[in-house]
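model the structure of this input:
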Amino acid sequence: MALACIGCFVLHYPSNMNFSDIKTIVIVGAGTMGAGIAQLCAVAGYRTILFDINADALPKAQQHIAHNLSEAVKRNKMTADAQQAALQRIVTTHHIAELVGDIVIEAVVEKLAIKVDIFQQIAHLNPPTTILASNTSSIPITQIAAAIPQPERVVGMHFFNPAHLMKLVEVIAGAATAPEVCQIITELAQKMGKTTVQAADSPGFIVNRVARPYYVESLQILEEQVADHATIDELLEATGFKMGAFRLMDLIGVDVNFSVTSSLFESFHYVPRFRPSRIQQQKVLAGFCGRKSGKGFYEYE
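Okay, the predicted model is just below:
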């Protein structure tokens, strides 16, 4: 029985398409998030095609995945045979013509035009049964799907960083998304060991909308020189938060966090509470993007 989706009205997705028909999953974007999602797909038993337009990003992603799986073996979370089997399921490419699969999960920069362009190209390479899932953090799915052929197969599948560890996945239906598509994506996330939540198609969905004040207010305190970033983090962690706002931004990526905040600020018609920080913007312009660049609000080896 198909899972009802918030905001689903167009039901043209083929009803004979089942979760068991999913064999190959394409991941678009080989950054930290894309690599983590590819790892999850491979461990779940799927042939996984990992794509990035930058060919140099692919070996780095493979190394990242291999390291994560090795750590899982060390912690007795998986066997060495399972590790090797997962790695063998992953194929990398920088040729978009090779992106043919049953599900495509996009994990690229938080820019509407880029996401739409990718899905438009992939839609022409695949049959109308191929599900197009976006890992967008803040852009409404209806807005992405509007320019895509067969918008009923476009859905949100939002993972959290690091994807291979964080348990939650938001499943978001756009105005045209078919319930069958939401059902398949929900079952896929659950097979990956995730906890799913159905979110309405609103900017930022649930988690990023709730979390935004955590970052924005911390940055405002820093801008006003009430305290430095380390002190703010210490105070937040002392009150029970697992990670302070600045340590968390460095982990997620200062650039990614800034992009999501900017997107929400625009989507909510420039409501002041979502205003991006000039300090964060300066970090991004300088290339200080956090752990992945070796420097953000903190420095890393």
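
which ones are touching Ile37?
The contact partners of Ile37, by CB atoms under 8 Å, 6 or more residues apart in numbering, come to 27, 105, 107, 135, 159, 163. To be clear about C-beta, it is placed using only N, CA and C from the backbone, and glycine gets the same treatment.

most surrounded residue in these?
The most neighbours of any of the contacts of Ile37, using other CB atoms under 10 Å, belong to Ile27, which has 32 neighbours.

helix or strand for it, which one?
Assigned by DSSP states H and E, Ile27 belongs to strand 24-28.

in stretch 159-171, what counts as buried?
159-164, 169-171 (16 or more other CB atoms under 10 Å).

from what I see, Ala107 and Gly34 are in contact.
Yes - with contact defined as CB atoms under 8 Å, Ala107 and Gly34 form a contacting pair (3.9 Å).

anything in contact with each of these two?
27-28, 135.

can you list the residues you listed in TSV and add distance to Asp250 and pLDDT?
Shown next, in TSV, are those (distance: CB to CB, whole Å; pLDDT from 0 to 100):
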residue	distance to Asp250	pLDDT
Ile27	24	98
Val28	25	98
Asn135	20	97
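
out of those residues, which comes closest to Val43?
Using CB to CB, Ile27 comes nearest to Val43 of the shared contacts of Ala107 and Gly34, at 13.1 Å.

for that closest one, list each beta-bridge partner.
Here Ile27 sits in beta bridges with Leu50, Ile105, going by DSSP bridges.

enumerate every residue touching it.
Ile27 makes contacts with 34, 37-38, 41, 48-51, 104-105, 107, as judged by CB under 8 Å, 6+ apart.

ok, and the most crowded of those residues?
Busiest of those [other CB under 10 Å] is Ala38, holding 33 neighbours.

from Tyr215, how far out is that residue?
27 Å (CB to CB, to the nearest Å).

swap in Ile139?
Using CB to CB, Ile139 is found at 18 Å from Tyr215.

using PDB, list the CA coordinates for stretch 124-144.
Taking Å, rounded to 0.1, in the frame of the first residue of the first chain, the C-alpha atoms of stretch 124-144 are listed here in PDB:
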ATOM      1  CA  HIS A 124      16.400  12.600 -21.000                       C
ATOM      2  CA  LEU A 125      18.900   9.700 -20.400                       C
ATOM      3  CA  ASN A 126      16.400   7.600 -18.400                       C
ATOM      4  CA  PRO A 127      12.900   6.100 -18.700                       C
ATOM      5  CA  PRO A 128      10.000   7.900 -17.000                       C
ATOM      6  CA  THR A 129      10.100   5.300 -14.200                       C
ATOM      7  CA  THR A 130      13.500   6.600 -12.900                       C
ATOM      8  CA  ILE A 131      13.000   8.400  -9.600                       C
ATOM      9  CA  LEU A 132      14.700  11.700  -9.300                       C
ATOM     10  CA  ALA A 133      15.500  12.500  -5.600                       C
ATOM     11  CA  SER A 134      17.100  15.700  -4.400                       C
ATOM     12  CA  ASN A 135      19.200  15.900  -1.300                       C
ATOM     13  CA  THR A 136      18.400  19.700  -1.100                       C
ATOM     14  CA  SER A 137      18.500  21.200   2.400                       C
ATOM     15  CA  SER A 138      16.200  24.100   1.800                       C
ATOM     16  CA  ILE A 139      14.800  24.400  -1.800                       C
ATOM     17  CA  PRO A 140      11.200  23.400  -2.200                       C
ATOM     18  CA  ILE A 141      10.700  20.200  -4.200                       C
ATOM     19  CA  THR A 142       7.800  21.700  -6.200                       C
ATOM     20  CA  GLN A 143      10.200  24.400  -7.400                       C
ATOM     21  CA  ILE A 144      12.700  21.900  -8.600                       C
END
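
and it, which residues are buried?
For stretch 124-144, the neighbour count (16+ other CB under 10 Å) marks 126, 130-144 as buried.

looking at the residues you listed, which are in helices?
141-144 (DSSP state H).

and of those residues, the nearest to Ile96?
For those, the residue nearest Ile96 by CB to CB is Ile144; the value is 17.8 Å.

surely the closest one meets Val155?
No - if you go by CB under 8 Å, Ile144 and Val155 don't touch, sitting 9.7 Å apart.

what touches both of those two?
Common contacts of Ile144 and Val155 (CB under 8 Å, 6+ apart): 134, 174.

hang on, the earlier thing: pipe the contacts of Ile37 into JSON lines and attach distance to Lys74 per row.
Formatted as JSON lines, the contacts of Ile37 follow (distance: CB to CB, whole Å):
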{"residue": "Ile27", "distance to Lys74": "25"}
{"residue": "Ile105", "distance to Lys74": "28"}
{"residue": "Ala107", "distance to Lys74": "26"}
{"residue": "Asn135", "distance to Lys74": "28"}
{"residue": "Phe159", "distance to Lys74": "23"}
{"residue": "Ala163", "distance to Lys74": "20"}
